[in-house]
Each structure stands twice: as C-alpha cells, then as structure tokens.
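Asks: Mind looking at a prediction? Sequence and model below.
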Amino acid sequence: MKKLSRGAYEDTKGLLRVAETLLEVAVLTVLYYIVFRRGYELPYFEYKGKYVLMGIYGILLYAFFQNSECTMFGQLHRMDLMIGQIISLCIVNFVTYFQVCLIANTMLTPAPMLMLTVVEFAVAIAMIFLFTTVYHKLYAPHDMLLIYGHKRGVELKIKMDSRKDKYNISKLICVEEGYEAIINEIPKYDAVILNDVPAQLRNDILKFCYQYRVRTYVAPKLTDVMLRGARNITLFDTPLLLVKGTGLTPAQRVAKRTMDILLGSIALLIASPFMAVVAVAIKLEDGGPVFFKQKRMTRGGREFDILKFRSMIVDAEKYSGAVLAAGDDPRITKVGKIIRATRLDELPQIINIVKGDMSIVGPRPERKVIADEYCKEIPEFAYRLKVRGGLTGYAQIYGKYNTSAYDKLRLDLMYIENYSLLLDIKLIILTLRIIFSKDSTEGIDVAKENQKKAEQLLKDLENE
C-alpha cells in the first residue's frame, strides 16, 4: 500500500488545531487581563479573583470558537474563519463587559472594552493567517481517487476542485469497472471518495480501505443518515439499532418551542428598526406592497403564509410561474438585490416563528408545487416534514442556494436525526457567519454551470 504511514501523520491535524486554538485563546485572554487591569481600577483584579475572571473569559472564548467552527485552520476559507472569530469575540466581550459591570455594581465606560475588541480583531486575523500558512506547509493536498456510481456523483469533483489547496482528485473511476479494477487503483492514492456507489460494492470497498488504513470519504445515503440517529440497544446477545422515525420527542418539541418564543421575541424587538428601514426602501422604490406572502409547507404538510420582504417586482410569478431565482434574475428589484444578499428579506419570518408556523432552526419550508416536483424524483423528500420548517438549519448553513434537492434532504435528515437543543444553539451561532458569506447566496445559474462541467467531464472520461 502507498504511504501507509501517512494515516498517523494525518492524525496530527486534530492535535495541531487544538494546540493552535488553545494558544490563541491564551493570547486573547492575556490581552483581556492587560486591558482590564489598566482600563478598570477594580479591587477584584488585585486578588485571586482575577484568575477566576480570566478563566471564565478563556472558557467562554473557547466555547464560542468551537461552536462557530472558526478554528478549523486550513479547512475553511480564511474569510469564514475571520467572520466566525469576529462574531465570537463581539459576543464574548459584550457578555464580559456586563459581567464586570455587575461586579463593580455600576455601569463602567465601554472604552477599554472597545479598545480590547479592536486589538483582538487584529491579533485574531494575524493568527488565522499564521496558522493557515502552517497548515498548508505541513499538509499537502490529498491525492484522491473518486469512485462514483450514478452520473451525478461526478459533480462532487467540480465542487471539490474549488478547494485545490486542500483536495486534489487525480482520477475518477466508475463502479462499472468492477471491484478488482477499483482495489488495484486504490493503493496509488492517499485517499478515496465513495459517491453514489451501490450498497454491496460500497461495503466491500470500505472494508478493504479500513483494513489497509486508507483514508476514506463516504457520501451518505439516506438510510445511512437515518441510522446515525438510531439508538443502540442490545436484545439478549444481539446488538440492534432502533430507528423510530417519529421526529422529535414531545419533550424536545416543548423545549424547542419555548426557545423559539423566547429568542423570537427578543429578535423581533432588536430587528424592528432594521425592518422599518427596509420597508420604507421597498415602498419608495416602486410603491408596491412591502411584504410578500407565499404558501409554504411545515410540520405534517400543513400550509401557512410565510412572510418576507418583497425583493421582486410585483406579480413576478404571474407569467413565469413558480421557479427558483437565478443570480441575474431580472425580476429582482434594486432593493431586492441588497436585502437578498444580506438576508434582510428573511426578517419578517421572525413573526412566523413567534406565531408557531415556523421554528428558528429546521428544514427550509418549501412551496407545495416545488416540493411535489422534488417528491416525484425523490419520494423521501417528504421526510423533512417531520419537524417545523425553520429560518435556518443544516441545509441553509452547510448548503447553498443552488444545493440540489437530494443534498438538502440529506442535510435536513442529519439535523432531524441528531437533534438537540445544543445543536440548535450551535446552528444559530453559525447562521451569523453565513450571513456574510457570498457562497451561500449563489444562484441556480451556478448549479447549471457545474452540471455542464460534470457532463463534459463524463464525456471526456468516456473518450479515454
């Protein structure tokens, strides 16, 4: 086997990231101590209490960094890391400022905290560039073999080619080549990707890779996602996996609804000024209605009127019908382009959340006509209706506007089968990051372009 020792070498990535994260948190915590020691004359900082405050600050910072996935140096784009860390620092420093005000029993000047935040921004950005550079110096891109079954499996190469700094798919091989031909190719590469491979063949290949410690990436099938959320039970001496398929438990639904009402009400209060500005801008542009109402489906297939700020011309679908918007869609207004890019058009959905039509986190509610079209090709698409539709969720965060229906379904099922209140909190934090991410707002035209590239790649493979 080629490069068998590389597996252990690759395992050091996790340790390196943990060490880098702890180092960055330690540096930022020391900065916090210096600024507060000099900026606020509090007796608490003269005694051992300062170590308690430093410890709390460090723990908060580490927890927010982890939940916003902003310490995945070398794996995520630098911009995503910077946005995540800046958001985390703002939240932690905001909480810490009021914590110190409570200790002092008075409202202190925010000037030292603002200065600390600016300095930490600069330090965090510098460390992101340093750690990312170290990562790329130590770990060269994987030399990978993509094994695909269905033709759509080839599209994964087009997506991964956008990160040449991390992935290098050197060869594609179709399952039609046969098991013997495939395992003869595997030793020539550092890693293998299995995408849309038939179950029995996938099992055989995976066992081979597992035996010889070959790094293997597997695109999960829908049943794989369902099993990930299964509960382990043992009947006599036989291990079993229990798949209920009921969605959330009654207790989980109560906890989730309570959080929706609480956070939704706070968000509505904070967002009101921004909503007023957007409403005025829409009205001034063409005099049409401010809000756009549309029937969408939520838990159990129930339909409701979703509220959005109108971003298209009046009666946009009168002649075109129900179609998804492309990046250069002429129906989108000038104000619409801005509010769609910044996600401000979604703000009125907070009202839907408070009313109980939607949840903060959950599968994106679809129109019945579009959902029915998806279900013709993918009957399992209806599984998303086991929970309320959400403003944000797995598919909205990790997918893009042009993500295929099948991939959205896989992401949504991953959320449903692994649900927890902590997961909701993590996804809410991550949502703040993707608001500033251009990739997540890519239009359907990009998906069509990728599909054309995949079709051309298949033709090239057939001609080899």
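Replies: Received it, and whenever you're ready, just let me know what you need. What you see is a predicted model, and the numbers here were worked out from it, not measured in a lab. Numbers count the residues shown, from 1 in each chain.

Asks: can you tell me how far I425 sits from Q66?
Replies: 12 Å (Cβ to Cβ, to the nearest Å). C-beta: built from backbone N, CA, C; applies to glycine.

Asks: Please, where are all the helices along the stretch 1-150 of the chain?
Replies: Secondary structure of the stretch 1-150 of the chain (DSSP state H, counting those that start in this stretch): helices at 6-10, 12-39, 49-67, 78-104, 111-138.

Asks: any idea which of these is most buried?
Replies: helix 78-104 (a mean of 18; mean count of other Cβ atoms under 10 Å).

Asks: Against which helices or strands is that one packed?
Replies: helix 12-39, helix 49-67, helix 111-138, helix 421-434 (3 or more Cβ pairs under 8 Å, 6 or more residues apart in numbering; DSSP states H and E).

Asks: what about this structure, any weak spots by pLDDT?
Replies: Applying pLDDT under 70 to the chain picks out residues 1-11, 42-47, 316-328, 400-402, 436-464.

Asks: mind giving me the domain split of it?
Replies: By the record's domain assignment, the chain is partitioned as 6-138, 142-219, 250-451 (automatic domain parsing).

Asks: These: which one's closest to I233?
Replies: domain 250-451 (16.2 Å; Cβ to Cβ).

Asks: all helices of the stretch 201-350 of the chain, in order?
Replies: So, for the stretch 201-350 of the chain - with DSSP H, counting those that start in this stretch - the helices run 222-228, 250-286, 317-320, 334-341, 349-355.

Asks: Turn the ones you listed into TSV, including mean neighbour count and distance to L194.
Replies: Output for the helices of the stretch 201-350 of the chain, formatted as TSV (neighbours: other Cβ atoms under 10 Å; distance: least, Cβ to Cβ, whole Å):
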stretch	mean neighbour count	distance to L194
helix 222-228	16	11
helix 250-286	14	33
helix 317-320	9	39
helix 334-341	18	36
helix 349-355	20	37
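
Asks: Let me see the contact set for the spatially closest residue to L344 that is not a sequence neighbour.
Replies: Using Cβ to Cβ, 6 or more residues apart in numbering and skipping residues adjacent in sequence, the residue nearest L344 is V278, 5.4 Å away. By Cβ atoms under 8 Å, 6 or more residues apart in numbering, V278 lies in contact with 309, 335, 339, 344-345, 347.

Asks: Same question for N67.
Replies: N67 sits in contact with 425-426, 429-430, where contact means Cβ under 8 Å, 6+ apart.

Asks: Which single one of those is nearest to N184?
Replies: So of the contacts of N67, ranked by how close each gets to N184 (Cβ to Cβ), first place is L430, at 41.5 Å.

Asks: how close does the residue lying closest to that closest one once chain neighbours are set aside sit to F309?
Replies: Spatial nearest neighbour of L430, chain neighbours left out: I397 (5.1 Å); criterion: Cβ to Cβ, 6+ apart. Remark: distance between I397 and F309 (Cβ to Cβ) = 21 Å.

Asks: which one of these two has more residues nearby?
Replies: F309 (23 against 20; other Cβ atoms under 10 Å).

Asks: what's the closest non-adjacent residue to that one?
Replies: D345 (4.4 Å).

Asks: Surely the one you found touches M312?
Replies: No: applying Cβ atoms under 8 Å, one finds D345 not in contact with M312, separated by 9.8 Å.

Asks: Identify the contacts common to these two.
Replies: Between them, D345 and M312 share the contacting residues G336, judged by Cβ under 8 Å, 6+ apart.

Asks: L427: neighbouring residues, count only.
Replies: So L427, with other Cβ under 10 Å, has 21 neighbours.

Asks: From R410, how far out is the nearest residue to it once chain neighbours are set aside?
Replies: Once flanking residues are discounted, L427 sits nearest to V361: 5.1 Å by Cβ to Cβ, 6+ apart. Distance from V361 to R410, counting by Cβ to Cβ: 17 Å.

Asks: So between those two, which is more surrounded?
Replies: Higher neighbour count among V361 and R410: V361, with 28 against 21, using other Cβ under 10 Å.

Asks: For the more buried one, list the residues it contacts.
Replies: 256, 390-393, 415, 423-424, 427-428.

Asks: Rebuild the contacts of V278 as TSV, extending it with distance to Y135.
Replies: Below are those laid out as TSV (distance: Cβ to Cβ, whole Å):
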residue	distance to Y135
F309	41
V335	41
I339	36
L344	35
D345	37
L347	37
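
Asks: Farthest-apart pair in those, please.
Replies: Most distant of the contacts of V278, by Cβ to Cβ, are V335 and L347, 13.5 Å apart.

Asks: re the thing from before, out of the domains of the chain, flag the one nearest V225.
Replies: domain 250-451 (4.4 Å).

Asks: Distance-wise, check R253 relative to K386.
Replies: 11 Å.

Asks: For the residue nearest to M160 when sequence neighbours are not counted, give me its contacts.
Replies: Spatially, and ignoring its direct neighbours in sequence, M160 is nearest to Y167 (4.4 Å; Cβ to Cβ, 6+ apart). By Cβ under 8 Å, 6+ apart, Y167 lies in contact with 141-142, 144, 160-161.
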